[in-house]
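Peer 1: coords please:
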Amino acid sequence: MYQSTYLDSGDCNWTCEFCDAFLWFQERLISRSTCRRPRYSHCCKCGRVVLPYPRRPPESIIRLFQESDFLTNIRAYNSMFSMTSFGAKVDDFINDGSAPCVFKVEGHIHHLIGSLCPPPNESPWFLQMYVYDTDNELSNRIGVFSDDGRSHIRQETVTLLMDVLATTNELVKLFRTAKDLCSSSDVSNFSIRLYSSHNAHSHDKPFSGSIGAIIPDEFQKRGLPHCHLLVWVKQTSVVTGPMDIDSFIIAEISNPDEDPLLYKVVTELMVHGPCGLVLPNSTCMNNGSCSKVFPKDFRSTTFFDKKGYVHYRRRPSSFTVNKNDLIVDSRYVVPYNRALCLHFMAHINVEYRGWSMLIKYLFRYISKGADRVRYKLTKSPVDPTIPNDTPSHVNEIQNFIDG
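Peer 2: Numbering: from 1, shown residues only. This is a model prediction of the structure:
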């Protein structure tokens, strides 16, 4: 079996003297650096770009994040204080039961703000709770939930969040002013106009336990929002062989008796297709083959091929699942990490990339941005009767490097 050579470019432990961003030594400015004092420019332009440091939340909010009850119901508290509702054209026809549920949006996403006051004999919603019937604001916010959901909401936590927002959030202060105007007899008609603003993005130091991370978000052409995450781990967690891969990445259906929750998550969210010969009309099929190269081959062990790519273990003795009256085995499983699947209960594809030659590919992929078109403007001959026989030379290698 071929064992690839591990190339180490060193740790990403050098910092910019201006913004403290973590960088590699090879990323330095050659003309302005020394061996002991490298200088960098593409992080903050040598101090010319200054980002505001994130403001520290009130201590009462920080203490809430230490309470398990608050963390368990944090989505309920978050939606309770939303000022707008979600607005978009949602496509439900994509969910035909053949794949995990997809939330697909067509066109632009927007926010619905509505009127400042609800129609007669109706309860306030969203922004209206900050303006209308504020004497009963606590009961109005809790009353939005059903009896079962209401039992998990603590009134003292809701009161705390109301007080903090009223004193720290500028929009809430504005809406409270609108409430006072509603109660005033001197003002007959008024409106609030919100203008969009663009805040600077803050890039903090990597989180504890990792060396660095890049997290770009994008919307796929199918409309599904997703995230690419590239993480560098500490030296103690570096993968050195196939056995280390098996400790982090799995490409098999788990035992439903020993790990029933993982079996449910994997079979519902981490199985591709089925496609291939068993379902040739699947959407991923192109000219008789799966565009994602499924199903994979059975393998008793994990190994690296000559190009450094990992081929994950997929034992034929592993378990199966029935998908649309078809028996699907581990050859259709998308590689995953057990801890991530159980924590997020979502489709999270985990892959290993260890060769330095693959770093450029990873960076190009996760930071590719929106779709682009290469074009070139050329000048036609002055006399249209004169043919332009000048050959056009295309440097495909340089075009690939330039992206």
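Peer 1: Tell me where this protein is predicted with low confidence.
Peer 2: 1-7, 148-151, 178-179, 181-226, 354-403 (pLDDT under 70).
Peer 1: Tell me where it has helices.
Peer 2: Assigned by DSSP state H, the helices in the chain fall at 59-64, 68-72, 74-80, 137-142, 147-150, 155-168, 170-183, 242-248, 260-269, 338-344, 359-366, 396-402.
Peer 1: Let me have the ones you listed in TSV, adding distance to Tyr352 and mean neighbour count as columns.
Peer 2: All C-beta atoms are positioned from the backbone trio N, CA, C, and that covers glycine. Formatted as TSV, those follow (distance: least, Cβ to Cβ, whole Å; neighbours: other Cβ atoms under 10 Å):
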stretch	distance to Tyr352	mean neighbour count
helix 59-64	36	12
helix 68-72	31	12
helix 74-80	32	14
helix 137-142	46	16
helix 147-150	41	9
helix 155-168	42	15
helix 170-183	44	14
helix 242-248	6	15
helix 260-269	18	18
helix 338-344	14	14
helix 359-366	11	12
helix 396-402	25	8
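Peer 1: Would you format the ones you listed as TSV with distance to Ile109 included?
Peer 2: Below are these laid out as TSV (distance: least, Cβ to Cβ, whole Å):
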stretch	distance to Ile109
helix 59-64	27
helix 68-72	27
helix 74-80	17
helix 137-142	25
helix 147-150	26
helix 155-168	24
helix 170-183	19
helix 242-248	35
helix 260-269	24
helix 338-344	22
helix 359-366	22
helix 396-402	32
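Peer 1: Of the ones you listed, which is nearest Leu230?
Peer 2: Checking the helices of the chain against Leu230 by Cβ to Cβ gives helix 359-366 as the closest, at 5.6 Å.
Peer 1: Could you chop this structure up by domain?
Peer 2: 1-54, 59-183, 240-353 (automatic domain parsing).
Peer 1: can you pull the buried residues of stretch 97-108?
Peer 2: 99, 104-105 (16 or more other Cβ atoms under 10 Å).
Peer 1: How about stretch 303-312?
Peer 2: Buried-residue list, stretch 303-312, by 16+ other Cβ under 10 Å: 303-304, 308, 310-312.
Peer 1: Going by distance to Val231, which of those wins?
Peer 2: Of the buried residues of stretch 303-312, the one sitting nearest to Val231 (Cβ to Cβ) turns out to be Val310, at 16.1 Å.
Peer 1: does that closest one have beta-bridge partners, and which?
Peer 2: Using DSSP bridges, the beta-bridge partners of Val310 come out as Phe304.
Peer 1: Would you quantify the distance from it to Ala346?
Peer 2: 23 Å (Cβ to Cβ, to the nearest Å).
Peer 1: right, and Ser9 touches Gln26 too?
Peer 2: Yes - shown here, Ser9 and Gln26 form a contact pair, counting by Cβ atoms under 8 Å, at 6.7 Å.
Peer 1: Ala346: how many residues sit nearby?
Peer 2: Residues lying near Ala346 (other Cβ atoms under 10 Å) number 11.
Peer 1: Looking at the helices of the chain, spot the one closest to Val50.
Peer 2: Smallest distance to Val50 across these (Cβ to Cβ): 22.5 Å, for helix 170-183.
Peer 1: distance of Pro274 from Gly97?
Peer 2: Distance from Pro274 to Gly97, by Cβ to Cβ: 13 Å.
Peer 1: shared neighbours of those two, which are they?
Peer 2: By the contact definition Cβ atoms under 8 Å, 6 or more residues apart in numbering, Pro274 and Gly97 are jointly contacted by Asn324.
Peer 1: Of all the domains of the chain, which one comes closest to Leu230?
Peer 2: Once those are compared by Cβ to Cβ, domain 240-353 is nearest, at 8.3 Å.
Peer 1: quick one: terminal-to-terminal distance for that closest one?
Peer 2: From its first residue to its last, domain 240-353 covers 12 Å (Cα to Cα, to the nearest Å).
Peer 1: And that domain, how far out from the chain middle?
Peer 2: Centre-to-centre, domain 240-353 and its host chain are 21 Å apart (Cα atoms, centre = their mean, to the nearest Å).
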